[in-house]
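Student: Next comes the sequence, and after it the predicted model I'd like to discuss.
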There are 2 protein chains.
Amino acid sequence: MPERIEIEKKVLSENDRTAATIRANLKKRGIASINLVSSPGSGKTSLLERSLTTLNKELSIAVIAGDVQTDNDARRLEAAGGTIVRPIVTGGACHLDARMVAKSLESIDLDPVKLLVIENVGNLVCPSSYDLGEDMKVVLISTTEGDDKPLKYPAMFRKASVMVVNKIDLLGSSDFMLSRVKENALNINGALKIFELSCRSGEGLNTWYSWLRELAGTRPQTKSTKPILI
Amino acid sequence: MPERIEIEKKVLSENDRTAATIRANLKKRGIASINLVSSPGSGKTSLLERSLTTLNKELSIAVIAGDVQTDNDARRLEAAGGTIVRPIVTGGACHLDARMVAKSLESIDLDPVKLLVIENVGNLVCPSSYDLGEDMKVVLISTTEGDDKPLKYPAMFRKASVMVVNKIDLLGSSDFMLSRVKENALNINGALKIFELSCRSGEGLNTWYSWLRELAGTRPQTKSTKPILI
């Protein structure tokens, strides 16, 4: 079916152009950005809740929270102290795309923002193909899922810069081995930076917060009062 | 983009035709079939391992195990006593389609088989759109994932006939509430049959096995020595 491939290519290249515009505009404004991806239930929203509660005043974090249905995550994130939270309900689509993010960014006052977090739809496959203009993808995996996931969903782990292993408080309740998940992930992508933490017990979160601070602090802030069209 | 929609419709209707042929042929042979879907790491393979070990001799279960990459699951299922296990590596695709299943069925001697289990790619979104010719979809969810998943991925729970809640041995290790996941799921689909079990502790598995026996036993077996072209 060459027609199908042709159209898919066009859709992706349109997406890539929009993503490049987003990236350039965020860079100009000195805003660091991550695209948070994982299976449903690995703990993206929990990690963001904890991060917002601790860091929002300091970093002024903007969050775009994608879901297939419901704005549950956005509401949880607002309750956790997120002052700039925008839901995107994809209504069936298995990933966010750059156009959705661009549209959402139009409704955000980016002036105070130092860090943009895009919480993608829970899915280890589709979001790997869509650049959203972020600095990097951060892939979450939890200790209750199985330590061979990086081998089974390699594209996502190849495209990510960071892997967060969540729910380490539950280590020992299954056959999941921390050493094995790290070995598998590094076999797919030797450059992965790895965090081990538990959003429930709090273990490991300080290291994660320090990294977010560093990420948001590395950008020169050249604020402008003019809105930037994306 | 009307062209895109048009092509998607065509792909789906081609898939539906293939699925209808599979369904008719399985019915003719008296083979019951389920399409097992869930997030990555909910325990599809674990549930199948346990089911094969206990029931394979009795029911002669054929398994088609789909994965984006690796044949890890198929190898686990063979090690658990699965005598008819076929891997499908989708090489990036986020779901199985009917054509993949039809091709895989060609390599299986269906004569002794009473139950066909298709283990789909770990994904709560894409597999909901693809009929594989199965009698019913069985959706797994584990207690470590979050009890609002039925609301966030409604299409899958709407299209499923059965919901299995796995990892009930880990209840209490998070905020997940059994009553809430059932309420959410039944709000989406009031006809869902629900099982609660733990593949690790074994709790609840006997009820699941009884149901599989019943499912496989309800079909009249009209075996033929002629291969059926799908």
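Tutor: Thanks, I have it.

Student: So residue A:66, which state does it fall into?
Tutor: Classification of residue A:66 using DSSP: H, G, I helix; E, B strand; the rest coil returns strand.

Student: Next, count neighbours for residue A:42.
Tutor: By other CB atoms under 10 Å in any protein chain shown, the residues close to residue A:42 number 31. Placement of C-beta: from N, CA and C, glycine included.

Student: Let me fix that, I meant to ask about residue A:161.
Tutor: Residue A:161: 16 neighbours (other CB under 10 Å).

Student: got a pLDDT number for the closest residue to it other than its chain neighbours?
Tutor: Once flanking residues are discounted, residue A:161 sits nearest to residue A:136: 3.8 Å by CB to CB, 6 or more residues apart in numbering or on different chains. Looking at residue A:136, its pLDDT is 98.

Student: cool, and residue A:36?
Tutor: Reading off the model, residue A:36 has pLDDT 98.

Student: go on, residue A:228?
Tutor: 49.

Student: who touches the residue nearest to residue A:161 in this structure?
Tutor: Residue A:136 makes contact with A:34-35, A:160-162, according to CB atoms under 8 Å, 6 or more residues apart in numbering or on different chains.

Student: Can you show me the strands along chain A?
Tutor: Applying DSSP state E to chain A gives strands spanning A:32-37, A:61-67, A:84-89, A:115-119, A:136-142, A:160-166, A:193-196.

Student: Tell me where the model's unsure across chain A.
Tutor: Scanning chain A with the threshold set as pLDDT under 70 gives A:1-8, A:218-230.

Student: ok, which residues in it are in contact with chain B?
Tutor: A:1, A:3-4, A:7, A:11, A:39-41, A:67-70, A:72, A:92-94, A:121-126, A:142, A:144-146, A:148-149, A:151-155, A:167, A:169-170, A:173-174, A:200 (CB under 8 Å from any CB of the partner chain).

Student: Buried ones from the residues you listed, can you make that a ChimeraX selection?
Tutor: A single ChimeraX command is used to select the members of those judged buried by 16 or more other CB atoms under 10 Å in any protein chain shown:
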select /A:7,39,40,41,67,68,69,72,93,94,121,122,123,124,125,126,142,144,145,146,148,149,151,152,153,154,155,167,169,170,173,174,200
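
Student: Does anything pack onto the longest helix that chain A contains? Which helices or strands?
Tutor: Across chain A, the longest stretch assigned as helix under DSSP state H is helix A:2-28. Contacts defined by 3 or more CB pairs under 8 Å, 6 or more residues apart in numbering or on different chains; DSSP states H and E place helix A:2-28 against helix A:98-105, helix B:2-28.

Student: Would you format those as JSON lines with distance to residue B:50 included?
Tutor: JSON lines is the format used below for the helices and strands packed on helix A:2-28 (distance: least, CB to CB, whole Å):
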{"stretch": "helix A:98-105", "distance to residue B:50": "41"}
{"stretch": "helix B:2-28", "distance to residue B:50": "24"}
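
Student: so which of those helices gets nearest residue A:185?
Tutor: Residue A:185 sits nearest to helix A:98-105 of all the helices and strands packed on helix A:2-28, at 26.0 Å, using CB to CB.

Student: What residues sit buried inside the closest one?
Tutor: Result for helix A:98-105 [16+ other CB under 10 Å]: buried residues A:98, A:100-102, A:104-105.

Student: just to revisit the earlier point, what's the closest of the contacts of residue A:136 to chain B?
Tutor: Relative to chain B, the closest of these is residue A:160; by CB to the nearest CB it sits at 14.8 Å.

Student: so the closest one bridges to which residues?
Tutor: With DSSP bridges as the criterion, residue A:160 is bridged to residue A:137.

Student: Tell me how many other residues surround it.
Tutor: Applying other CB under 10 Å, we find 26 other residues in the vicinity of residue A:160.

Student: Show the contacting residues for it.
Tutor: A:37, A:136-139, A:189, A:192.

Student: rewinding a little: what about the residue nearest to residue A:161, distance to chain B?
Tutor: 21 Å (CB to the nearest CB, to the nearest Å).

Student: before we move on, what about residue A:113?
Tutor: Distance, residue A:113 to chain B, by CB to the nearest CB: 26 Å.

Student: So residue A:50 is in contact with residue A:198, correct?
Tutor: No. Using CB atoms under 8 Å as the test, residue A:50 is too far from residue A:198 to be in contact (9.9 Å).

Student: follow-up on the earlier one: could you export the strands of chain A to TSV, including columns for distance to residue B:211?
Tutor: Output for these, formatted as TSV (distance: least, CB to CB, whole Å):
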stretch	distance to residue B:211
strand A:32-37	35
strand A:61-67	32
strand A:84-89	35
strand A:115-119	37
strand A:136-142	29
strand A:160-166	33
strand A:193-196	39
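
Student: Which one of the ones you listed lies nearest to residue B:46?
Tutor: Closest to residue B:46 of the strands of chain A is strand A:136-142 (CB to CB; 15.6 Å).

Student: tilt between that closest one and strand A:160-166?
Tutor: If you take axes from the mean of the first three to the mean of the last three CA atoms, to 10 degrees, strand A:136-142 sits at 30 degrees to strand A:160-166.

Student: Provide a PyMOL selection command restricted to the buried entries of the contacts of residue A:160.
Tutor: Command for PyMOL, covering only those of the contacts of residue A:160 found buried under the criterion 16+ other CB under 10 Å:
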select buried, chain A and resi 37+137+138+139+189+192
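
Student: Return the closest of the contacts of residue A:160 with respect to residue B:45.
Tutor: Within the contacts of residue A:160, the smallest distance to residue B:45 is 20.8 Å, found for residue A:139 (CB to CB).

Student: Which residues are in contact with the closest one?
Tutor: Contacts of residue A:139 by CB under 8 Å, 6+ apart are A:37-38, A:124, A:156-157, A:160, A:162-164.

Student: let's see 10 Å
Tutor: Contacts here follow CB atoms under 10 Å, 6 or more residues apart in numbering or on different chains; on that basis residue A:139 touches A:35-39, A:42, A:44, A:120, A:124, A:127-128, A:149-150, A:153, A:156-165, A:185, A:189, A:192.

Student: what does residue A:91 give?
Tutor: Neighbouring residues of residue A:91 by CB under 10 Å, 6+ apart: A:67-69.

Student: Apply 8 Å and report the result again.
Tutor: Here residue A:91 is in contact with A:68-69 (CB under 8 Å, 6+ apart).

Student: What backbone torsions are found at it?
Tutor: Torsion angles at residue A:91 (phi, psi; degrees, to the nearest 10) stand at phi 60, psi 30.

Student: So the residue nearest the centre of chain A versus chain B, what's the distance?
Tutor: Nearest to the mean C-alpha position of chain A, by CA atoms, centre = their mean, lies residue A:36 at 1.5 Å. To chain B, residue A:36 is 15 Å away according to CB to the nearest CB.
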